[in-house]
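Visitor: need a 3D model of the following:
(one chain, ligands or ions: 1)
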Amino acid sequence: MFKIPPFHQLQEQIRSAGDADVRRSLRTAHLSTYDLASLLSPAADNHLEAMAKRSVDITAMRFGKTTQIYAPLYVSSFCKNRCSYCGFSADNKIERRILSLEEAETEAMLLHQRGFNHILLVSGEAPAKLGVDYLEQLALRLRDRFAAISIEVQPLSTEEYARLFAAGITSVAIYQETYDRETYDQVHISGQKCDFDFRLDTPARAAAGSMREIGIGTLLGLSDWRAEGLALGLHLAWLRKNFWRTALTVSFPRLRPAAGEFQPLFNVTERDLTQLIFALRIFDPDLGIILSTREEERYRNGMIGLGPTRYSAGSCTAPGGYSNPDTNGEQFSIGDLRTIDEVCAAIKQKGFDPVRKDWDAGFQLL
Ligand code: SF4
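Guide: Have a look, this model is predicted:
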């Protein structure tokens with residue numbers, strides 16, 4: 001099982017890195033977690049240009065001139081957990097909804113008509129309302145029409161992940177939110193999600209259940225972003241060592257306004273986010289890096305080709321929101337409101353190919 005060192009130790013390791021450490025790390029071919037700590041340190045801020053250059057070169061070498069495109073499909077806003085930063089938190093008085101299988105299929109086909117071939121099924125964590133049976137049934141309905149179906153739902157067992165993989169779901173996103181236990185306990189007020197270690201072990205259970213891709217991440221704004229970045233690096237390295245066949249992605253959404261009036265506990269600027277992206281790209285060249293519509297158009301356009309490899313587009317974070325744009329009950333508000341065609345046009349303008357199909361079920365037979 002993956003064990004995370006105490007958060008303050010990660011912070012100390014980062015704080016102790018100086019200018020010479022950053023220069024040495026930038027010359028190193030295969031970075032250790034000590035090098036990652038250097039690139040996340042305040043001392044690395046003076047080397048952002050050199051980090052950008054290396055990040056661009058690695059991204060081009062490993063991913064070519066491509067950016068993958070996907071859309072989230074929210075299927076339920078019911079949640080048993082109380083997380084202080086989330087619009088779906090059980091104590092928020094919002095209009096809640098779970099889509100029937102037919103409604104979810106209709107929403108999915110709308111996304112398909114708009115040109116999406118990769119969808120991410122998202123729900124709050126309320127297993128009695130939306131469990132493995134629902135996800136399995138929905139995947140069986142959609143599997144022939146989408147190249148890739150991912151899920152971002154409650155943590156499941158290895159057996160449940162294996163069942164969903166057999167039904168056509170190929171990847172799982174499960175974010176720790178914060179690797180700082182103290183903050184984790186503060187912001188997760190009640191429900192299953194209060195169990196830090198159970199959540200920490202979920203990516204390994206999903207990989208053991210044969211999922212071809214696992215996405216991990218932290219919610220930026222809950223704790224010290226530099227130490228969160230180092231924790232992510234440690235988690236990625238452990239997953240690579242233990243599940244070398246599994247592709248890995250990372251996402252570090254910055255907190256957006258949501259119901260409940262939660263204010264970020266830490267300010268994370270665009271420059272900070274950029275340093276984090278460059279550091280992780282250089283540390284783990286094969287890593288898929290996701291930049292979602294939480295970020296604004298200007299920033300997302302500017303980052304094309306610099307490190308991120310996957311963008312969401314045309315997103316709505318309320319169940320039923322694609323069929324009915326007036327739907328209330330969003331999980332959080334969106335920073336980039338462009339359609340898929342507009343996002344693809346911006347990617348092409350930068351000389352990159354927007355990739356709408358990034359997987360084929362035929363590969364699964366190999
Ligand atoms: S973050 Fe997830 S688990 Fe927490 S309230 Fe929101 S939907 Fe529920």
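
Visitor: C316 belongs to a strand?
Guide: No: per DSSP: H, G, I helix; E, B strand; the rest coil, C316 lies outside any strand segment and is coil.

Visitor: just give me the neighbour total for it.
Guide: Applying other CB atoms under 10 Å, we find 23 residues neighbouring C316. C-betas here are computed from N, CA, C, even on glycine.

Visitor: again, but for E103
Guide: When neighbours are counted by other CB under 10 Å, E103 comes out with 15.

Visitor: now do the strands in the stretch 101-250 of the chain.
Guide: Along the stretch 101-250 of the chain, the segments classed as strands by DSSP state E, counting those that start in this stretch run 118-123, 148-152, 171-173, 188-190, 213-217, 247-251.

Visitor: most tightly packed of these?
Guide: strand 171-173 (a mean of 25; mean count of other CB atoms under 10 Å).

Visitor: who in this structure is up against the ligand?
Guide: When proximity is defined by CB under 6 Å from any ligand atom, the chain lies next to the ligand at 79, 81, 83, 86, 88-89, 124-125, 193.

Visitor: format the strands of the stretch 101-250 of the chain as JSON lines; extra columns: mean pLDDT.
Guide: Formatted as JSON lines, the strands of the stretch 101-250 of the chain follow (pLDDT from 0 to 100):
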{"stretch": "strand 118-123", "mean pLDDT": "95"}
{"stretch": "strand 148-152", "mean pLDDT": "96"}
{"stretch": "strand 171-173", "mean pLDDT": "97"}
{"stretch": "strand 188-190", "mean pLDDT": "97"}
{"stretch": "strand 213-217", "mean pLDDT": "98"}
{"stretch": "strand 247-251", "mean pLDDT": "97"}
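
Visitor: out of these, which comes closest to F63?
Guide: Checking the strands of the stretch 101-250 of the chain against F63 by CB to CB gives strand 247-251 as the closest, at 11.8 Å.

Visitor: pairing partners for that closest one, with directions?
Guide: Listed by DSSP bridges, the sheet partners of strand 247-251 and their directions read strand 213-217 (parallel), strand 288-291 (parallel).

Visitor: looking at these, which is closest to D35?
Guide: Across the strands paired with strand 247-251, closest to D35 is strand 288-291 (CB to CB), at 17.8 Å.
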